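In: okay, structure incoming, though there's no sequence with it:
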Ligand SMILES: C[S@@+](CC[C@H](N)C(=O)[O-])C[C@H]1O[C@@H](n2cnc3c(N)ncnc32)[C@H](O)[C@@H]1O
């Protein structure tokens, strides 16, 4: 399948990947953390990884762990720039640092396709990369996430980027989208980045392979005539063939591109991050 690559930028580089780990530079901080898509051999030796990195994430369970400082004396929170926006990074126990760098290609797409005053919706918005990229070009932005502390982190990123007036929605993404549809609100652009395993409005557990159809149906109906929709999905059980079947049933008279999102390491490896569907 065709790939869409996110390129490195001044403050982010995927240096190397392999042995189920990745070596990344965030500004002047280098980290080692688990990456199950890096099932191949790395280019650099383990010794080289160890000597370059400041922090290493040691897994305690499949989702949680601790950061160990292995070189230098760096703070566990710092800032990086991306598209002249400022992101506050923190070493979390969930191995994330507060941005998914592979998403930058979507932030570029959003900034290129929105005009001042356009309405933009970020569902499962996390720390707001897409929201602040849209706000920076003057869009009217709605950011929805069901975790209060995550919305607070996104607000911090908005403020550090000298932006204001994003509309923060603390709600279940599907429930909010359904309500917006009923209210007759429409959007020039929507991005959704649902987790592979989610919790619904009544805290019920769902899997993206069973929820994607419903999410796509509502978000597609929320689009203005020339609006675009971006969907990121990370589940092997929702493969491109299945995404194609679902989009063909729902989307008419629009271009649908289903690709694999990827980043090339500085050492020449290709790391894939899941499926990227763009409807425009
Ligand atoms: C994979 S992250 C999104 C990453 C984001 N696209 C980025 O690159 O910055 C998924 C987010 O969805 C949120 N989330 C999970 N279940 C949700 C639900 N039912 N409704 C709204 N948000 C939800 C989580 O709190 C998390 O912030």
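Out: Nice, I can see it. Predicted, not measured: the structure shown is a model, and the values here were computed from it.

In: what does the stretch 51-200 of the chain have sitting close to the ligand?
Out: Applying C-beta under 6 Å from any ligand atom, we find that the stretch 51-200 of the chain lies next to the ligand at 99-100, 103, 124, 126-127, 129, 144-147, 150, 172-173, 193, 195, 198-200. Every residue, glycine included, has its C-beta placed from N, CA and C.

In: at 8 Å what do you get?
Out: Applying C-beta under 8 Å from any ligand atom, we find that the stretch 51-200 of the chain lies next to the ligand at 99-100, 102-103, 106, 122-130, 144-147, 150, 171-176, 191, 193-195, 198-200.

In: from those residues, which land in strands?
Out: 122, 123, 144, 145, 191, 198, 199 (DSSP state E).

In: those residues: which two are farthest apart?
Out: 191 and 199 (19.9 Å; C-beta to C-beta).

In: OK, contacts around the closest residue to residue 77 other than its chain neighbours?
Out: Nearest residue to residue 77, sequence neighbours excluded (C-beta to C-beta, 6 or more residues apart in numbering): residue 90, at 4.6 Å. Shown in contact with residue 90 (C-beta atoms under 8 Å, 6 or more residues apart in numbering): 76, 77, 97, 98, 153.

In: just the buried members of those residues?
Out: By neighbour count, with 16 or more other C-beta atoms under 10 Å, those hold 97, 98, 153 as buried.

In: related to what we said a few turns ago, between the contacts of residue 90, which is nearest residue 33?
Out: Proximity of the contacts of residue 90 to residue 33 (C-beta to C-beta) peaks at residue 97, which lies at 8.4 Å.

In: which stretch of helix or strand covers the closest one?
Out: Following DSSP states H and E, one finds residue 97 outside all helices and strands.

In: so it touches residue 26, yeah?
Out: Yes: in this structure, residue 97 is within contact of residue 26 by C-beta atoms under 8 Å, at 6.4 Å.

In: what is in contact with those two at once?
Out: residue 89.

In: please tell me how far residue 35 sits from residue 263.
Out: 11 Å (C-beta to C-beta, to the nearest Å).

In: of these two, which one has the most company?
Out: residue 263 (24 against 19; other C-beta atoms under 10 Å).

In: all strands for the stretch 1-150 of the chain, in order.
Out: Ranges of strands in the stretch 1-150 of the chain, per DSSP state E, counting those that start in this stretch, are 3-5, 12-18, 21-26, 29-34, 55-59, 65-69, 77-82, 85-90, 119-123, 140-145.

In: most packed of those?
Out: Looking across those with neighbours counted as mean count of other C-beta atoms under 10 Å, the highest average goes to strand 119-123: a mean of 27.

In: let me know the average pLDDT across that one.
Out: Confidence for strand 119-123, expressed as mean pLDDT, is 98.

In: just checking: what are the partner strands of it?
Out: Applying DSSP bridges, strand 119-123 is found paired with strand 140-145 (parallel), strand 187-192 (parallel).

In: can I get those strands in a markdown table with mean pLDDT?
Out: Shown next, in a markdown table, are those (pLDDT from 0 to 100):
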| stretch | mean pLDDT |
| --- | --- |
| strand 140-145 | 98 |
| strand 187-192 | 98 |
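
In: looking at those, which is closest to residue 114?
Out: strand 187-192 (5.5 Å).

In: what's across from residue 119 in the sheet?
Out: residue 140.

In: distance check, it against residue 45.
Out: 50 Å.

In: and the residue lying closest to residue 279 once chain neighbours are set aside, helix, strand or coil?
Out: If the residues on either side of it in the chain are set aside, residue 279 comes closest to residue 229, at 4.3 Å by C-beta to C-beta, 6+ apart. At residue 229 the chain is in strand, as set by DSSP: H, G, I helix; E, B strand; the rest coil.

In: that's all I had, so thanks and see you.
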